[in-house]
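S.K.: what follows is a predicted protein model with its sequence.
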Amino acid sequence: MTKVWPWSFSKIKDFEQCPKQFYHKHVLKEVPFVQTEAILYGNEFHKMAEDFISKDTPVPAKFSFAAKALTSLKGRKGDKLCEIKMGITENLEACDFYASDVWFRGIADLVILDDEVATVVDYKTGKSSKYADKGQLELMALALMARYPQIKKVRAALLFVVCNDLVKDTYMEYDKSKLWEKWLGKYGQMETAAEEDMWNARPNGLCRRYCPIIECVHNGAN
């Protein structure tokens, strides 16, 4: 069977957008990773935020718009962990990000641990929060509760630093079963596609101009 794990939030989103493109990108690995300006900008911001939180490095003028939000996060009570890499096994137990039996992987931009409560924040450098997807927060909450069994409550947020918006939610320990049922279902769809070697194209608004899979009949190049 084609291996589709370790999986992540971004992998699930790629599969839901188009199984055929997912196959070429993640299975055949024919789609090269392109460092666009947006990605480079996001990487630079993440490094700046990490240095500000963990090393007291001043926020440069280029990112001054985020100084207030980052200062607020830095002032919160608790142990702060930046760019924390988390792994989970197929038995839903915590493991090292690079473990041989890692099944799920996730990276949290900022985690604040305070006794039985954790805060997890993911920085977004997009210009709008209109289409924010809190699924990433659900998975980060599950990964945190697996890694830190003492955690009973996770406050999670997507911080859109450009438009100064916060998309947030709260997850309790008793939410774990419901959340895992949801995500195991999503993973199961991807696993079924792999078992049946069935990667059907799913036409969408990106096909005409942005899809790198030239052979697909829905590609704009055709």
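M.R.: All right, it came through fine.

S.K.: report all helices and strands that the longest helix along the chain contacts.
M.R.: Using DSSP state H to define each element, the chain has its longest helix at helix 176-196. In this structure, helix 176-196 makes packing contacts with helix 9-17, helix 135-147, judged by 3 or more Cβ pairs under 8 Å, 6 or more residues apart in numbering; DSSP states H and E. C-beta: built from backbone N, CA, C; applies to glycine.

S.K.: run the chain-centre distance for that helix.
M.R.: From the chain centre to the centre of helix 176-196 is a distance of 17 Å (Cα atoms, centre = their mean, to the nearest Å).

S.K.: quick check: buried residues in that helix?
M.R.: 179, 183, 186, 187, 190, 191, 193, 194 (16 or more other Cβ atoms under 10 Å).

S.K.: closest one to residue 202 out of those residues, please.
M.R.: Nearest to residue 202, judged by Cβ to Cβ, of those is residue 193 at 11.2 Å.

S.K.: the helices in the chain, which residues?
M.R.: Taking DSSP H as the criterion, the chain carries its helices at 9-17, 19-22, 37-55, 67-74, 135-147, 176-196, 207-210.

S.K.: got a markdown table for those helices, with distance to residue 129 and mean pLDDT too?
M.R.: Supplementary listing: those in a markdown table, determined by distance: least, Cβ to Cβ, whole Å; pLDDT from 0 to 100:
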| stretch | distance to residue 129 | mean pLDDT |
| --- | --- | --- |
| helix 9-17 | 17 | 96 |
| helix 19-22 | 25 | 94 |
| helix 37-55 | 15 | 94 |
| helix 67-74 | 13 | 95 |
| helix 135-147 | 13 | 98 |
| helix 176-196 | 22 | 97 |
| helix 207-210 | 22 | 80 |
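
S.K.: tell me which of these sits most buried.
M.R.: Relative to the other members of the helices of the chain, helix 135-147 carries the highest mean neighbour count by mean count of other Cβ atoms under 10 Å, namely a mean of 22.

S.K.: okay, the angle between that one and helix 176-196?
M.R.: Here helix 135-147 points in a direction 110 degrees away from that of helix 176-196 (axes from the mean of the first three to the mean of the last three Cα atoms, to 10 degrees).
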